[in-house]
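Colleague: sequence below, structure please.
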Amino acid sequence: MRRTTLAALCLAATTAVGLTGCLPGQDKADSKPEPFAGLTGGEIADRAVEATTAASSLRVTGDVPDDETGGTIHLDMALNKRNECASTMRMGEGKADLIKTGDTIYMRYDEAFLRAQSEGEAEADVDAVVDMLAGKWTKTSATGEDAKDIASFCDLDTMLGGAEDVNSDAARGKTTTVDGTPAIILREKDGKDRYTVYVATKGKPYLLRVDSTSAGDRGTLTFSDYDEPVPAQKPSGEILDIDKLG
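Modeller: Modelled structure (predicted):
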């Protein structure tokens, strides 16, 4: 799936990942029909792209490298084609929650996240931000200039942008399961990049998991909850209006 954008070798910004490669191999069960019989790895990739991009919603979870800190970002995000999302992101010891519903973005940060993002600023200023925001829900207009990047992060079409531009010679691998769902493995190499991709063999051929096995850029994304409702609801309790605070 050359150019399949995987919301998470993307995390702070969407990242495109492909499916090309050339590792042979195929699991054959004596009494079970062969999944995707007669199809090449590239043709299976085409079907996976078509099914995945047609989904009205999905959930992506996993760990991806954080280029800025050299650490790892842990993501759990559900989003749909109505630009709604509900997400939790962990970076180091810190955590941030994000909900977008309608034209409003809600965010909540813990103290560790705020301090990490404010590194290098005056201690008094950081303490003031922590005192005001830590553990509290905030809201801002999704149409505001400062919120556009966050709003696009909740756009499923943006996350999967470019996925239709498929030019794959992915190689078929063995059959396996991903969280109980039967799957076939496709292996890809694109220059120095290496990926292992898992495609469902039961039901629609959705993407189930993508592993980046490239040296220095390892990460895993798991895709699930296709066409399920996204739990994007206005938080209860007190909410700070960032737009009014300026």
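Colleague: same for the one helix or strand residue 152 maps to, what does it pack against?
Modeller: Residue 152 belongs to helix 148-153 when elements are defined using DSSP states H and E. Helices and strands touching helix 148-153, by 3 or more CB pairs under 8 Å, 6 or more residues apart in numbering; DSSP states H and E, are strand 94-101, strand 104-109. In this view, the C-beta of every residue, glycine as well, is placed from N, C-alpha and C.
Colleague: and that helix, how far from the chain's centre?
Modeller: Mean-position distance between helix 148-153 and its chain equals 14 Å (CA atoms, centre = their mean, to the nearest Å).
Colleague: let me know the pLDDT of the nearest residue to residue 194 once chain neighbours are set aside.
Modeller: Leaving aside its sequence neighbours, residue 194 sits nearest to residue 213 (CB to CB, 6 or more residues apart in numbering; 4.5 Å). For residue 213, the model assigns a pLDDT of 78.
Colleague: quick one: contacts for residue 213?
Modeller: By CB atoms under 8 Å, 6 or more residues apart in numbering, residue 213 lies in contact with 194-196.
Colleague: residue 83 too?
Modeller: By CB under 8 Å, 6+ apart, the contact list for residue 83 reads 100, 142, 151, 154-156.
Colleague: and the furthest pair within those residues?
Modeller: Comparing all pairs in the contacts of residue 83 by CB to CB, the longest separation belongs to 142 and 156, at 14.8 Å.
Colleague: pick out whichever of these two has more residues nearby.
Modeller: In terms of neighbours (other CB atoms under 10 Å), residue 156 is the more surrounded of residue 142 and residue 156; the figures are 23 against 18.
Colleague: show the pLDDT at the more buried one.
Modeller: pLDDT recorded at residue 156 is 89.
Colleague: residue 78 too?
Modeller: 97.
Colleague: and it, bridged to which residues?
Modeller: According to DSSP bridges, the partner residues bridging residue 78 are residue 59, residue 86.
Colleague: so it sits against residue 226, correct?
Modeller: No: taking contacts as CB atoms under 8 Å, residue 78 lies outside contact range of residue 226: 10.7 Å.
Colleague: so what does the longest helix seen in the chain touch, helix or strand wise?
Modeller: Of all segments of type helix in the chain, defined using DSSP state H, the longest is helix 41-54. Counting contacts by 3+ CB pairs under 8 Å, 6+ apart, helix 41-54 is packed against strand 171-178, strand 181-190, strand 193-200.
Colleague: 6 Å instead, please
Modeller: In this structure, helix 41-54 packs against no helix or strand, with contacts taken as 3 or more CB pairs under 6 Å, 6 or more residues apart in numbering; DSSP states H and E.
Colleague: what's the angle from that helix to strand 171-178?
Modeller: Interaxial angle of helix 41-54 relative to strand 171-178 (axes from the mean of the first three to the mean of the last three CA atoms, to 10 degrees): 50 degrees.
Colleague: now tell me which helix or strand of this structure has the poorest mean pLDDT.
Modeller: For the chain, counting by mean pLDDT, DSSP states H and E, strand 16-17 ranks last in confidence among helices and strands (a mean of 26).
Colleague: picking up where we left off before, mean confidence for the helix holding residue 152?
Modeller: Helix 148-153 comes out at a mean pLDDT of 82.
Colleague: quick one: low-confidence ranges for this structure?
Modeller: Low-confidence regions of the chain, defined here as pLDDT under 70, cover residues 1-32, 162-167, 215-216, 246.
Colleague: one more time with 90
Modeller: 1-34, 45-46, 63-73, 91-93, 116-121, 143-170, 188-195, 212-219, 243-246 (pLDDT under 90).
Colleague: list the contacts of residue 143.
Modeller: For residue 143, the contacting residues are residue 103, taking CB atoms under 6 Å, 6 or more residues apart in numbering as the criterion.
Colleague: rewinding a little: got the buried residues for the helix holding residue 152?
Modeller: Taking 16 or more other CB atoms under 10 Å as the basis for neighbour counts, the residues of helix 148-153 that come out buried are 150-153.
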